[in-house]
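K.L.:
next input, structure requested:
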Amino acid sequence: MKSRDTLIRLRRFQVDEKRRRVAQIEMMIADFARMAAELEREIAQEEQRAGINDPAHFAYPTYARAAAQRRDNIRRSASDLDVQLAEAKAALADAFEELKKVEILDDRERSAERAAETARDQAEMDAIGLARARA
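P.N.:
Prediction:
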């Protein structure tokens, strides 16, 4: 019984840990999206200020070029995190499945124990009833 409870606690801890990892990755992706959008606005402002929208133009603003590079790096990092997020969600699903298996097994064992206890109690009551009927 005690080892079963320990196993359930372990599985719950693993599920919680995987949930935290998924949430952390989702938060990082959201932060990257926000940062990329902010850089996109800064690039547009710089291009508007300079009056040049073509990055191939020789007078294209250096800040806009650097910000575009940072934005592209952030987007690449976010797409890498999308892969990690998919893996983390799969790991969470596996951990949750393992937890459910252990919980179902525990429920079955507890039900069997309750049924055995009920049968013992009923047998005792039957014995008391027979003893009274004979007396």
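K.L.:
pretty sure residue 61 is in contact with residue 47, am I right?
P.N.:
Yes - at 6.9 Å, residue 61 and residue 47 qualify as touching, with contact defined as CB atoms under 8 Å. Using the backbone N, CA and C atoms, a C-beta is placed for each residue, glycine as well.
K.L.:
and the helix ranked longest in the chain, how far out from the chain's middle?
P.N.:
Within the chain, and with DSSP state H defining each element, the longest helix by residue count is helix 62-134. Relative to the mean C-alpha coordinate of its chain, helix 62-134 is positioned 12 Å out (CA atoms, centre = their mean, to the nearest Å).
K.L.:
name the helices or strands packed onto that helix?
P.N.:
Helices and strands in packing contact with helix 62-134 are listed as helix 2-50; criterion 3 or more CB pairs under 8 Å, 6 or more residues apart in numbering; DSSP states H and E.
K.L.:
tell me the helices and strands packed up against the helix it packs on.
P.N.:
helix 62-134.
K.L.:
can you pull out the low-pLDDT segments for the protein?
P.N.:
Applying pLDDT under 70 to the chain flags the ranges 1, 135.
K.L.:
let's see that with 50 instead.
P.N.:
Low-confidence segments of the chain, defined by pLDDT under 50, are absent; every residue clears the threshold.
K.L.:
center of it, which residue is that?
P.N.:
Within the chain, one residue has its C-alpha closest to the average C-alpha position: by CA atoms, centre = their mean, that is residue 19, at 2.8 Å.
K.L.:
am I right that that one is in contact with residue 92?
P.N.:
Yes - when contacts are counted by CB under 8 Å, residue 19 is listed as touching residue 92 (6.2 Å).
K.L.:
CA atoms only for stretch 20-28, dumped as PDB, please.
P.N.:
As requested, C-alpha coordinates have been extracted for stretch 20-28 and formatted as PDB (Å, rounded to 0.1, in the frame of the first residue of the first chain):
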ATOM      1  CA  ARG A  20       5.800  23.100 -15.900                       C
ATOM      2  CA  ARG A  21       8.200  22.400 -18.800                       C
ATOM      3  CA  VAL A  22       5.400  22.800 -21.300                       C
ATOM      4  CA  ALA A  23       4.300  26.100 -19.700                       C
ATOM      5  CA  GLN A  24       7.800  27.400 -19.600                       C
ATOM      6  CA  ILE A  25       8.400  26.700 -23.300                       C
ATOM      7  CA  GLU A  26       5.000  28.200 -24.200                       C
ATOM      8  CA  MET A  27       6.000  31.300 -22.200                       C
ATOM      9  CA  MET A  28       9.300  31.600 -24.000                       C
END
